[in-house]
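>>> next input, structure requested:
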Amino acid sequence: MKLICLQENLNRGLNVVGKAVATRTTLPITNNVLLVAEQSRLKLAATNLEMAISCWIGAKVEEEGAITVPARLLTEFINSLPSDNIAVSLSPHTKTLELKCARFEARISGIDAQDFPPIPKVEPVLATKVEVKALQQGITRVVFAAATEESRPVLTGIEADFNGDELTLAAADGFRLAVHKLSLITPVSQPGKVIIPARTLMELNRLIADGEETVDITIDPQKSQVLFHLKSFELVSQLVQGTFPNYTQLIPQSHTTRAVVDVATFLRATKTASIFARDGSGIVRLMLTPGKELTPGKMTVSARAEEVGDDVGEIDAAIDGDEVKIAFNGRYLIDVLGVIPQGQVALELINSSSPGVIRPVGGDNYIHIVMPMFVQW
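Here you go, the predicted model:
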């Protein structure tokens, strides 16, 4: 192996694949990054056996070859170098990678590339294409609602339901549910549901660059792996096996009270109340009061902690229906309001013990359900 590449390109590539490098592992080679010099580019790859990321950067390749070296060591060294050309060469006998940049040089002992776990090849049974911005919005709006505890593995993933030219993403953790629908550029030939680990989609969201326009999504026949392919990188991930809960029956079909409020105002009032709610089990109380003939409706957002104090905020709201009091976990409200763009949001309620439904006003592709908390008023 012999090549020359730019420090900034190699640094960026190592940062892309770095998140797939194993941290705790019984297979030491998964702490390494794979470097493959091929034609006019350098391929970098890393895997933790659950997720694998491959990235390609431009390089002037004089001699093809492959090696694996410790990822953390290589990344930190490359990151510390000046922005200049890096000459990379491999001694095939000693498996030592030599790097030269400006007046710096290093030698890193590697392990044969043949010992590196093979990056899975995903043979498609379901393949489609989606716009980057649409997918990013969908991931952002649901991923935070996935469970973080492994007690129910299916809830640590996002259900992806491919049907015709529509993709529905859903996440739930037992206390809240987020469902987002987006359009596919290429319709799928047959419907299919899979559960993608939330960690995988968070990583995909981080990796997608501004210049990217579309993402190719491929799922294998066994529904055990998913591949996301973009211009300069690929992400392959294991899928979560199991059956995702039938969440449609959790979505209330009616309401007795509906409040429409400004998102930014509601978010500010909730964040303010959450300061006091920290010492009160995170409980934020909402009181929705319909307007009278000349006075507008209002929403009162409050919190109190016995030893600390209390806070009350009042915001204008267009309220249809009965007066209602309800309490939620403040963090759950902040999470959902934080992913809805500026504008208005509707909160639909039946009573103080039924789930609250949050929807952006003017959009029908997102719905969020939050379970209430039971409090003494």
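>>> mind checking how far the most centrally placed residue in the chain is from Arg107?
By C-alpha atoms, centre = their mean, the chain has its centre lying nearest to Met202, at 2.4 Å. With the distance defined as C-beta to C-beta, to the nearest Å, Met202 ends up 36 Å from Arg107. Where you see a C-beta, it was placed from the backbone N, CA and C, and this is true even at glycine.
>>> Thr94 now?
9 Å.
>>> what do you get for Cys101?
In terms of C-beta to C-beta, Cys101 sits 13 Å off from Arg107.
>>> more neighbours: which of those two?
Cys101 (21 against 11; other C-beta atoms under 10 Å).
>>> contact partners for that one?
Neighbouring residues of Cys101 by C-beta atoms under 8 Å, 6 or more residues apart in numbering: 7, 81-82, 84-87.
>>> from the chain's centroid, how far away is the helix or strand hosting Leu204?
If you go by DSSP states H and E, Leu204 is part of helix 198-207. Helix 198-207 has its C-alpha centroid displaced from the chain centroid by 4 Å (C-alpha atoms, centre = their mean, to the nearest Å).
>>> heads up, I number from 27, so please use that
That works, and once the first residue is 27, the last one we named lands at helix 224-233.
>>> mind listing what's buried in that helix?
224-230, 233 (16 or more other C-beta atoms under 10 Å).
>>> closest one of these to Pro381?
Ala224 (21.4 Å; C-beta to C-beta).
>>> how much space between the closest residue to that closest one other than its chain neighbours and Leu203?
With sequence-adjacent residues excluded and distances taken as C-beta to C-beta, 6 or more residues apart in numbering, Ala224 is closest to Ala172, at 3.8 Å. Between Ala172 and Leu203 the computed distance is 10 Å (C-beta to C-beta).
>>> next, show the common contact partners of these two.
With C-beta under 8 Å, 6+ apart as the test, Ala172 and Leu203 both reach Ala197.
>>> what's the single longest helix in the protein?
Ranked by number of residues, the top helix in the chain under DSSP state H is helix 289-303.
>>> mean confidence for the helix or strand following that helix?
Downstream of helix 289-303, the first helix or strand assigned by DSSP H and E is strand 309-315. When pLDDT is averaged over strand 309-315, the result is 96.
>>> can you pull the buried residues of strand 309-315?
Here strand 309-315 shows 309-315 as buried, counting by 16+ other C-beta under 10 Å.
>>> Serialize those residues to TSV and add fields for distance to Leu193.
Formatted as TSV, the buried residues of strand 309-315 follow (distance: C-beta to C-beta, whole Å):
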residue	distance to Leu193
Ile309	35
Val310	33
Arg311	37
Leu312	33
Met313	38
Leu314	34
Thr315	40
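>>> widest-spaced pair of the residues you listed?
Ile309 and Thr315 (19.5 Å).
>>> follow-up on the earlier one: tell me the one among the buried residues of helix 224-233 nearest to Pro96.
Looking across the buried residues of helix 224-233 and measuring by C-beta to C-beta, the closest to Pro96 is Glu229, at 21.0 Å.
>>> so what pLDDT did Ala331 get?
Predicted confidence (pLDDT) for Ala331: 85.
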